[in-house]
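> Sequence and predicted structure, then a few things I'm wondering about:
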Amino acid sequence: AQKVTQAQTEISVVEKEDVTLDCVYETRDTTYYLFWYKQPPSGELVFLIRRNSFDEQNEISGRYSWNFQKSTSSFNFTITASQVVDSAVYFCALSERTGGSYIPTFGRGTSLIVHP
Amino acid sequence: NAGVTQTPKFQVLKTGQSMTLQCAQDMNHEYMSWYRQDPGMGLRLIHYSVGAGITDQGEVPNGYNVSRSTTEDFPLRLLSAAPSQTSVYFCASVPSTGNTIYFGEGSWLTVV
């Protein structure tokens, strides 16, 4: 079973639409970290946000916002008023101390296409 | 302070050839790992290390070998390249706190 599930394989929107990327995770640890990364067409992995398991506060950074809910094991990512430059693959990741070490696990990614 | 240095960036191999992808970090991190990225499959864990001298298999280890003789270096060896190993490879480094992931720039490997 996947520890990080990104059920949306691809999302296509028109510029200025809002879009939410879903991430559901699975862990038995009480201390863990969740991440979102962006991978633009150039291929590098760009860090967007980190959340630890003890901080359920939602966060907003410009057009980006994140909703972390431990009750549903979800860490969803919303882009408000999407732009063409947001077109990329987005990965959700979990870092948990399984067996005494932090080795991150990634979802399969969601490809976001923003049309002008 | 280079972070995670991964080389080469691009490589074309013939089936059956061997090669090594290099990964080095200068942050004294305990945890290092190698992932491969294939379309629709996300980043899948190949091998990982929790410290010098300690390595273990991830989800897709077949055809790959690793070693961790020093804290800094974690090379990934392709023993006999196959077309199925055509992929993008990422090396990652994580501190003992687990709260950050540092990536190399990626290696685009094509096996023909």
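That came through, no problem.
> all contacts plus neighbour counts: C-alpha atoms, from now on.
Fine.
> Which positions in chain A make contact with chain B?
Residues of chain A lying close to chain B by Cα under 8 Å from any Cα of the partner chain are A:9, A:32-33, A:43-45, A:50, A:52, A:91, A:95-97, A:101-109.
> Emit the PyMOL select command for whichever of these are buried.
In PyMOL syntax, the buried subset of the residues of chain A next to chain B is picked out as below (16 or more other Cα atoms under 10 Å in any protein chain shown):
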select buried, chain A and resi 32+33+45+50+52+91+95+96+97+101+102+103+104+105+106+107+108+109
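> Show me the shaky parts of chain B.
B:1-2 (pLDDT under 70).
> make it 50
Within chain B, no stretch has pLDDT under 50.
> Mind telling me which residue of it is nearest chain A?
B:G42 (3.6 Å; Cα to the nearest Cα).
> what's the closest non-adjacent residue to that residue?
Closest residue to B:G42 apart from its sequence neighbours, by Cα to Cα, 6 or more residues apart in numbering or on different chains: A:R108 at 3.6 Å.
> Quick one: residues contacting the residue of chain A found nearest chain B.
Residue nearest to chain B within chain A: A:R108 (3.6 Å; Cα to the nearest Cα). Residues near A:R108 by Cα atoms under 8 Å, 6 or more residues apart in numbering or on different chains: A:T5, A:Q6, A:T9, A:F91, B:G40, B:M41, B:G42, B:L43.
> ok, and the most crowded of those?
A:F91 (27 neighbours; other Cα atoms under 10 Å in any protein chain shown).
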